[in-house]
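Enquirer: I'd like to go over a predicted model; first the sequence, then the structure.
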Amino acid sequence: MPKMSGKVVLITGAARGIGAETARHLARRGAQLSLVGLEPEELRAVAAELGDGHTWFEADVTDPDSIGAAVEHTVAELGGIDVVIANAGIAPFGTVRDHDTRAFTKTIDVNLNGVFHTAKAALPHVIDRRGYVLVVSSLSAFAPVGGMAAYTASKAGAEALASALHSEVAHLGVAVGSAHPSWIDTDLVRDASADLASFRRMRELLPWPMHATTSVEKCARAFADGVERRARRIYVPRAIMLMHWIRNVPASRLVGRLMRPSLRRIVPQMEREVAELGRSFSARNDRIQSGGQ
């Protein structure tokens, strides 16, 4: 019998991208999915695609009552929770000097506080089943890139939260992992590339394996494999593991000197481009976060 057969998995940010594709992979392995997010039509469509035995719930991870209701809905519909994947995330544009304060705060609220609210709400049920929590962090947690300070800070915080939680619940039979994808071919990455030429150029300058792009399908398969083995860390692609072990190198003086001539041009270009856009998020993220469909 497959390891995931009959296991109940709650995924936030499940309407599209990595969350939706991970749900598909886990459903094929026998899991029952609870899809949580801010886009009800998309959530409904993915749940229908998965077939009978799955559910969905519209919820905002920044609101403890909202994500709490999603957890209780999942338990009522599916009988409990074995795995929770805190996947919901956003990525704004801009440097610290010119960043929109509300966009920075919103990013921390979704990417870090949202992980806390999700884990806290689900933990009693996950503990009951000696289950697994997967926090979706990023390569950015240990390889910060200029122009992505809000995202980097939030994902580094998410990784640290996962590590602390791992220490807190191991004696209860609960495993906790963090996932560290690099650039994944999602709406989020495509929108940033379309909006900002400076973003495209900065990615081109990053050394291997930091500039690699992975398909959503391969990323989701890696996540599903990691959930099955209750992995402590998941790297996408696997070469990202190297960056974890040499995580101080990207911030080293040598790398700083090598990157400085290019950054002198790219950072001001990014600041100009963001100012011209008149927004800190992609158009799609702006619409979703404001409640539009």
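Expert: Cool, the structure landed.
Enquirer: could you check how far T214 is from I18?
Expert: Summarising the geometry, the distance separating T214 from I18, computed by Cβ to Cβ, to the nearest Å, is 10 Å. All C-beta atoms are positioned from the backbone trio N, CA, C, and that covers glycine.
Enquirer: the more surrounded of those two?
Expert: For T214 against I18, the residue with the higher neighbour count under other Cβ atoms under 10 Å is I18, and the figures read 26 against 18.
Enquirer: on that earlier part again, what touches both of T214 and I18?
Expert: P181, I184 (Cβ atoms under 8 Å, 6 or more residues apart in numbering).
Enquirer: all the strands of the chain, in order from the start?
Expert: 8-12, 32-37, 55-58, 83-86, 132-136, 175-181, 183-184, 213-214, 233-236 (DSSP state E).
Enquirer: so which of those gets nearest T152?
Expert: Between T152 and the strands of the chain, the tightest spacing by Cβ to Cβ is seen for strand 175-181, at 12.4 Å.
Enquirer: run the angle between the closest one and strand 132-136 for me.
Expert: An angle of 20 degrees separates the directions of strand 175-181 and strand 132-136 when computed by axes from the mean of the first three to the mean of the last three Cα atoms, to 10 degrees.
Enquirer: alpha carbons only: can I get strand 175-181 in CSV?
Expert: Listed next in CSV are the C-alpha coordinates belonging to strand 175-181 (Å, rounded to 0.1, in the frame of the first residue of the first chain):
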residue,chain,number,x,y,z
ALA,A,175,8.4,15.5,12.1
VAL,A,176,9.1,19.0,10.7
GLY,A,177,10.8,19.9,7.5
SER,A,178,11.6,23.0,5.3
ALA,A,179,11.6,23.1,1.5
HIS,A,180,14.1,25.2,-0.4
PRO,A,181,13.2,25.7,-4.0
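Enquirer: other residues contacting it?
Expert: Contacts made with strand 175-181 from outside it, assessed by Cβ under 8 Å, 6+ apart, are listed as 18, 131-139, 141-142, 158-159, 162-163, 165-166, 169-170, 214, 219, 222-223, 226, 230-236, 240, 244.
Enquirer: inside helices: which ones of those?
Expert: Mapping the contacts of strand 175-181 onto helices (DSSP state H) picks out 18, 158-159, 162-163, 165-166, 169, 219, 222-223, 226, 240, 244.
Enquirer: just the buried ones from the contacts of strand 175-181?
Expert: Applying 16 or more other Cβ atoms under 10 Å to these, the neighbour count classes 18, 131-139, 141-142, 158-159, 162-163, 165-166, 169, 214, 219, 222-223, 226, 230-231, 233-236, 240 as buried.
Enquirer: low-confidence ranges in the stretch 1-150 of the chain?
Expert: For the stretch 1-150 of the chain, the stretches with pLDDT under 70 are 1.
Enquirer: one more time with 90
Expert: For the stretch 1-150 of the chain, residues meeting the criterion pLDDT under 90 lie at 1-3, 91-101, 103, 139-149.
Enquirer: quick one: the helices in it?
Expert: Here the stretch 1-150 of the chain has its helices, by DSSP state H, counting those that start in this stretch, at 17-28, 40-50, 64-78, 101-108, 114-128, 149-169.
Enquirer: from R229, how far out is the closest residue to L172 other than its chain neighbours?
Expert: Spatially, and ignoring its direct neighbours in sequence, L172 is nearest to I127 (5.2 Å; Cβ to Cβ, 6 or more residues apart in numbering). I127 sits at a distance of 20 Å from R229 (criterion: Cβ to Cβ).
Enquirer: next: A20.
Expert: A20 sits 22 Å away from R229, going by Cβ to Cβ.
Enquirer: go ahead and confirm G53 touches Q32.
Expert: Yes. Checked against Cβ atoms under 8 Å, the pair G53 and Q32 is within contact range at 5.1 Å.
Enquirer: where do the contact lists of these two overlap?
Expert: Contact criterion Cβ under 8 Å, 6+ apart; residues shared by G53 and Q32: L78.
Enquirer: of these two, which one has the most company?
Expert: The residue with more neighbours, out of G53 and Q32, is Q32; 25 against 15, by other Cβ under 10 Å.
Enquirer: contacting residues for that one?
Expert: When contacts are counted by Cβ under 8 Å, 6+ apart, Q32 touches G6, K7, V8, V9, G53, H54, L78.
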